[in-house]
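A.B. asks: Below is the structure, and that's it, no one-letter string:
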């Protein structure tokens, strides 16, 4: 559309003042219609930051572009309509006003039968934005728990919503009617996904992958040992840095990727409901979960092994629902945000080890379980920092100002695939 307007202006041999102050975004079809394009939201945001007063976009992108305040946004349908607006100021479609989105129904944790330890781990993960791994036989509720984690998270802030929506705009996955994403996304790629599908790629400028589309939300990898080894190892950098950098011939694309990783796996390839019926050899079992490398597993904060519930679990009353847990999570997140605000962090999972050591060091008695494990070579320095972040989350959930020895011990037991609420 921009090239067509420039050619028209040159052909008329008459300057259009509007053209000098307007950003034009859109694709020109052969029948002169203006077709929608991807990435309009970040483009309009960039235009606003650079001081452009007006942006004209295809009508199909108007709702998305209208999310940006502080810049005049107009929608155009055809090249003729654009020419008339440039020449005489003929009317274009105005900004779309966004109403309040209807609340969506969310899966509730009360649907999960039993599994008190795993439920508590999901609550801790939600409160501190920690990474979680669930292992156990099929049918115990691993996927159900993962799907209910986003429902425990608070709504995105205005800035976070624009970040997430901009990523999905580039990926081309936005809804035309309600483009603004206000809830943490839940992305669950299939275990046959390639490296490019997971971290991003494509010809020319790389497009966002699943890790970026899960930004500020949850990335769930079910049957994770079935993923390609290269795809799993590609997660290590975004887990640590909170962004993904993809180098291509035309340059390096950088996309945000600060997500919560939830892994789910069966204990072995045959995966019977009752572990006593397993026919796998010890070597097969080691090889199956051995696909998850040590460096990757060292970045997982909470590891829980789930067991099959007995019939008595159905006789008990209804389990606690998501609403009550969501309130505790919100209170814990508010406490952590207030504590880390001077350092530029919002959740416990984001805090660096340097800040924990210099400004929030715990006394020797509280650190004793971690020191003992470190001396025995059971955990790394990174593991110590991750245990401390989980310990702070446990303290926030309990309303304590600092973690206790029990908080540190529970955080360490979760890292060793145990832990009790």
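C.D. replies: Received it, and whenever you're ready, just let me know what you need. All of these numbers come straight from a predicted model, not from anything done at the bench.
A.B. asks: domain assignment for the chain?
C.D. replies: 2-88, 109-308, 322-415 (automatic domain parsing).
A.B. asks: Measure how buried the closest residue to residue 21 other than its chain neighbours is and give me the count.
C.D. replies: Counting by Cβ to Cβ, 6 or more residues apart in numbering, residue 53 is the residue found nearest to residue 21 once chain neighbours are left out, at 5.4 Å. In short, each C-beta sits where N, CA and C put it, glycine included. By the criterion of other Cβ atoms under 10 Å, residue 53 has 12 neighbours.
A.B. asks: next one: residue 359
C.D. replies: 12.
A.B. asks: With the one 4 residues further on instead?
C.D. replies: Using other Cβ under 10 Å, residue 363 has 9 other residues around it.
A.B. asks: Repeat that for residue 250.
C.D. replies: 10.
A.B. asks: isn't it right up against residue 202?
C.D. replies: No. Using Cβ atoms under 8 Å, residue 250 is not in contact with residue 202, being 11.0 Å away.
A.B. asks: Turn the domains of the chain into JSON lines, including mean pLDDT.
C.D. replies: Output for the domains of the chain, formatted as JSON lines (pLDDT from 0 to 100):
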{"stretch": "domain 2-88", "mean pLDDT": "93"}
{"stretch": "domain 109-308", "mean pLDDT": "89"}
{"stretch": "domain 322-415", "mean pLDDT": "93"}
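A.B. asks: related to what we said a few turns ago, in this structure the residue nearest to residue 21 contacts residue 20, no?
C.D. replies: No. Under the criterion of Cβ under 8 Å, residue 53 makes no contact with residue 20, lying 10.4 Å away.
A.B. asks: could you show me where the strands are in this protein, in order?
C.D. replies: 22-24, 27-28, 34-35, 54-58, 72-76, 132-135, 186-187, 200-201, 207-208, 218-221, 243-248, 251-256, 260-265, 302-305 (DSSP state E).
A.B. asks: Could you check those strands and tell me which one is nearest residue 386?
C.D. replies: strand 302-305 (9.4 Å; Cβ to Cβ).
A.B. asks: So in that sheet, which strands flank the closest one, and in what orientation?
C.D. replies: strand 132-135 (parallel) (DSSP bridges).
A.B. asks: What residues of stretch 138-154 count as buried?
C.D. replies: 140-153 (16 or more other Cβ atoms under 10 Å).
A.B. asks: now do stretch 182-202
C.D. replies: Buried residues in stretch 182-202, defined by neighbour count with 16+ other Cβ under 10 Å: 182-189, 193, 195, 197-201.
A.B. asks: cool, and stretch 370-388?
C.D. replies: 370, 373, 374, 379, 383, 384, 385, 386, 387, 388.
A.B. asks: What distance do you get for the residue lying closest to the last one once chain neighbours are set aside to residue 33?
C.D. replies: When you say that, I think you mean residue 388. Counting by Cβ to Cβ, 6+ apart, residue 356 is the residue found nearest to residue 388 once chain neighbours are left out, at 5.3 Å. The spacing between residue 356 and residue 33, counted by Cβ to Cβ, to the nearest Å, is 56 Å.
A.B. asks: same question, residue 364
C.D. replies: On the measure of Cβ to Cβ, residue 364 and residue 33 end up 71 Å apart.
A.B. asks: repeat for residue 301
C.D. replies: Distance from residue 301 to residue 33, counting by Cβ to Cβ: 51 Å.
A.B. asks: Comparing these two, which residue is more hemmed in?
C.D. replies: residue 301 (26 against 17).
A.B. asks: what's around the nearest residue to the more buried one once chain neighbours are set aside, how many residues?
C.D. replies: Residue nearest to residue 301 in three dimensions, not counting chain neighbours: residue 130, with 3.8 Å by Cβ to Cβ, 6+ apart. Other residues lying near residue 130 total 24 when counted by other Cβ under 10 Å.
A.B. asks: Would you confirm that residue 130 contacts residue 391?
C.D. replies: No. Counting by Cβ under 8 Å, residue 130 does not reach residue 391; the two are 11.1 Å apart.
A.B. asks: pretty sure residue 200 contacts residue 211?
C.D. replies: Yes. Assessed by Cβ under 8 Å, residue 200 is found in contact with residue 211 at 7.3 Å.
A.B. asks: okay, and the common contacts of those two?
C.D. replies: Counting by Cβ atoms under 8 Å, 6 or more residues apart in numbering, the shared contacts of residue 200 and residue 211 are residue 244.
A.B. asks: thinking again about what came up before, just give me the closest of the buried residues of stretch 182-202 to residue 277.
C.D. replies: residue 188 (28.4 Å).
A.B. asks: For the closest one, which non-adjacent residue is spatially closest?
C.D. replies: Residue 188's closest residue in space is residue 220 (Cβ to Cβ, 6+ apart), at 4.3 Å.
A.B. asks: picking up where we left off before, which two from the buried residues of stretch 182-202 end up farthest apart in space?
C.D. replies: Checked with Cβ to Cβ, the buried residues of stretch 182-202 reach their widest spread between 182 and 195, with 30.4 Å between them.
A.B. asks: what's the neighbour count on residue 175?
C.D. replies: 11.
A.B. asks: How about the contacts made by the residue nearest to residue 388?
C.D. replies: So residue 356 contacts 385, 388, 389 (Cβ under 8 Å, 6+ apart).
A.B. asks: Wait, residue 197 touches residue 189, no?
C.D. replies: Yes. Here residue 197 reaches residue 189: they are 6.2 Å apart, a contact under Cβ under 8 Å.
A.B. asks: which neighbours do the two share?
C.D. replies: residue 210.
A.B. asks: Residue 360: which of the buried residues of stretch 182-202 is nearest?
C.D. replies: For the buried residues of stretch 182-202, the nearest to residue 360 is residue 184 (26.4 Å; Cβ to Cβ).
A.B. asks: nearest residue to that closest one other than its sequence neighbours?
C.D. replies: Per Cβ to Cβ, 6+ apart, closest to residue 184 is residue 217, 3.7 Å.
A.B. asks: Ok, residue 293 next?
C.D. replies: residue 233 (6.5 Å).
A.B. asks: The one you found and residue 292, how far apart?
C.D. replies: Counting by Cβ to Cβ, the gap from residue 233 to residue 292 is 10 Å.
A.B. asks: more neighbours, these two?
C.D. replies: Between residue 233 and residue 292, counted using other Cβ under 10 Å, the more crowded position is residue 292 (19 against 15).
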